[in-house]
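Q: everything below, folded, please.
(2 chains)
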Amino acid sequence: MLLRVEELHKRYGKEEVLKGVSFSLDKGETKVIIGPSGTGKSTLLRCINRLTEPDRGRIWLEDVEITGPRVNINRIRAQIGFVFQDFNLFTHLTALDNVRLGLIKVKGLSKKEATERAMAELARVGLADKARAYPAELSGGQQQRVSIARALAMDPKLILFDEPTSALDPELIGEVLAVMEELAQSGMTMLVVTHEMGFARSMADEIIFMEKGVIVEQGPPEQLFRTPKHPRTAEFLRRISDLYGGDQ
Amino acid sequence: MSLTHWLRVWSYFPVLLQGLCVNLSLLGGLLGVGFLLGVILAILEVYGPRPLRILAFGYSWVFRSIPEILLLLLMWFGPARFGLEISPFLAAVIALGLRSSAYQAEIFRGALQSIPVGQMLAARALGLSRPGAVIYVLLPQALRLSLAGWGNEFAVVLKDTTLAYAIGVVEVMRQARYIGSREFPLILPAYLVVALLFLAATYAGLFAIGYAEKKLRIPGLEARR
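A: Coordinates of the predicted model:
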């Protein structure tokens, strides 16, 4: 087991966003979390690398307890890639420097090694020719691909995707999903929050349906889409398919 | 003020220029002190733990409230009272530098706070420590965004260096005064020459800062004006 989450709780003021979430992820697995907006999906992802501190519950990455008292969280975070909805590329750095920064400042690689590695990752997402471009000179899809390259360069054990295509124009979604599909097939362990049901269906080993801070149901995509056990899951999937058209 | 006075005052031009160089040295010193302390204060104000944050705001309040001339006199007479002999020049650099740091801190603080929170999140998610994120991600952006405001501070403190006159630094104003006490009719022309020198120095400085702004510009990272 690569990642284990047990009884995670998080409260913002009066509102309890996570009400005891437990699940696990095996090496090489892709799990997709779906569910209505505001049900704690993003909070859950951020709790996993403690960008948000959970109130209660425990998380393990392999045999290290991330939520443990004396854990070096920076070292843990370097092993967990995070891809944000709005990319969050470093504005003042070129694509190459965005990918290189962590390699040099966190992993302590030499500039030469870091450059080689960063260029390889940019090539992997199809953007080697944009290495010298600043984020503002790239399209949203290209920015998101650079941010995936930035995560990949760190050799993460796991990558968390927080609605990676939600901020993109429809015609740019495909290029990002293609990179993610390639990753999933290459054996990367991925936890993806998304509304892209096509991706969920074809790439997920398992789908987690979350609502109001709890996991309502989880299972392989075929089972969850065809014969959802819980009426809430069926209801959500119907609404999504109404919204996004005949994917079902 | 006759033409002869005008011609005569030019014979003192090298002396006045020498005086201006003292002002420029004061400027360099005080901007340096102000920059270093200002950056540290701004970081503390935005990212520091609560007690340090309060301390930084208190500092900022004190040094923006006390008249500069009073700061100069305190820095000149204060240390001497405790047997610490410092030169008027050093006293001026410290007094004006501390004051400038309070204003510069406000410039940098505003710039730091204008950077979207996602930048910090992305830096931390990579595994950078909080100080690492500030040094490698936040500060490089904030300092670029600060340049315009910093140009304004430069223009203000350049003129403030003449206040060092009050504690006996032989800067350009005092040189003009010396000229006037030697040949009284020259006092007005001398002051006018000093005014011209400041016009030129301010112009040159703002030009250099504008040039730096252009050189350091990065697409997508511009101060929103």
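Q: what residues does chain A have near chain B?
A: A:49, A:51, A:74-80, A:82, A:84, A:86, A:88-92, A:101-102, A:105-106, A:134-137, A:147, A:150, A:154 (CB under 8 Å from any CB of the partner chain). Quick note: C-beta positions are derived from backbone N, CA and C, even for glycine.
Q: now go through those residues and say which are in helices.
A: A:N74, A:R75, A:I76, A:R77, A:L101, A:G102, A:K105, A:S147, A:R150 (DSSP state H).
Q: take those and lay them out in JSON lines including pLDDT and neighbour count.
A: Output for those, formatted as JSON lines (pLDDT from 0 to 100; neighbours: other CB atoms under 10 Å in any protein chain shown):
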{"residue": "A:N74", "pLDDT": "94", "neighbour count": "15"}
{"residue": "A:R75", "pLDDT": "93", "neighbour count": "11"}
{"residue": "A:I76", "pLDDT": "94", "neighbour count": "20"}
{"residue": "A:R77", "pLDDT": "95", "neighbour count": "24"}
{"residue": "A:L101", "pLDDT": "96", "neighbour count": "23"}
{"residue": "A:G102", "pLDDT": "95", "neighbour count": "26"}
{"residue": "A:K105", "pLDDT": "95", "neighbour count": "20"}
{"residue": "A:S147", "pLDDT": "97", "neighbour count": "28"}
{"residue": "A:R150", "pLDDT": "96", "neighbour count": "32"}
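Q: which helix is the longest one in the chain?
A: All of this is about chain A. Max-length helix for chain A by DSSP H is helix A:170-185.
Q: my question was about chain B, not that one.
A: Under DSSP H, chain B gives helix B:13-47 as its longest helix.
Q: how about that helix, does it reach chain A?
A: No. Helix B:13-47 does not reach chain A (CB under 8 Å from any CB); its nearest approach is 15.7 Å.
Q: mind listing what's buried in the helix or strand where A:V32 lies?
A: In this assignment (DSSP states H and E), A:V32 forms part of strand A:30-34. Buried residues in strand A:30-34, counted by 16 or more other CB atoms under 10 Å in any protein chain shown: A:T30, A:K31, A:V32, A:I33, A:I34.
Q: possible to save those as a markdown table with pLDDT and distance to B:A102?
A: A markdown table is the format used below for these (pLDDT from 0 to 100; distance: CB to CB, whole Å):
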| residue | pLDDT | distance to B:A102 |
| --- | --- | --- |
| A:T30 | 95 | 53 |
| A:K31 | 95 | 52 |
| A:V32 | 95 | 52 |
| A:I33 | 95 | 48 |
| A:I34 | 93 | 52 |
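Q: which one of those residues sits closest to B:S87?
A: Comparing the buried residues of strand A:30-34 against B:S87 with CB to CB picks out A:I33 as the nearest, at 67.2 Å.
Q: how distant is the longest helix of chain A from the center of its chain?
A: How far helix A:170-185 lies from its chain's middle: 13 Å, per CA atoms, centre = their mean, to the nearest Å.
Q: hang on, the earlier thing: same for the strand holding A:V32, what does it pack against?
A: Strand A:30-34 makes packing contacts with helix A:41-48, strand A:190-193, helix A:197-203, strand A:206-211 when contacts are defined by 3 or more CB pairs under 8 Å, 6 or more residues apart in numbering or on different chains; DSSP states H and E.
Q: one more pass at 6 Å, please.
A: If you count contacts as 3 or more CB pairs under 6 Å, 6 or more residues apart in numbering or on different chains; DSSP states H and E, strand A:30-34 packs onto strand A:190-193, strand A:206-211.
Q: quick one: list the elements packing against the first one.
A: If you count contacts as 3+ CB pairs under 6 Å, 6+ apart, strand A:190-193 packs onto strand A:30-34, strand A:158-162.
Q: I'd like those as TSV, with distance to A:K130 appended.
A: Output for the helices and strands packed on strand A:190-193, formatted as TSV (distance: least, CB to CB, whole Å):
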stretch	distance to A:K130
strand A:30-34	27
strand A:158-162	21
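Q: for A:E113, find the nearest of those strands.
A: That would be strand A:158-162 among the helices and strands packed on strand A:190-193, by CB to CB, at 21.6 Å.
Q: and the angle from that closest one to strand A:30-34?
A: 20 degrees (axes from the mean of the first three to the mean of the last three CA atoms, to 10 degrees).
Q: can you name the residues in contact with strand A:158-162?
A: Residues from elsewhere that reach strand A:158-162 (CB atoms under 6 Å, 6 or more residues apart in numbering or on different chains): A:3, A:42, A:45, A:80-85, A:151, A:189-193.
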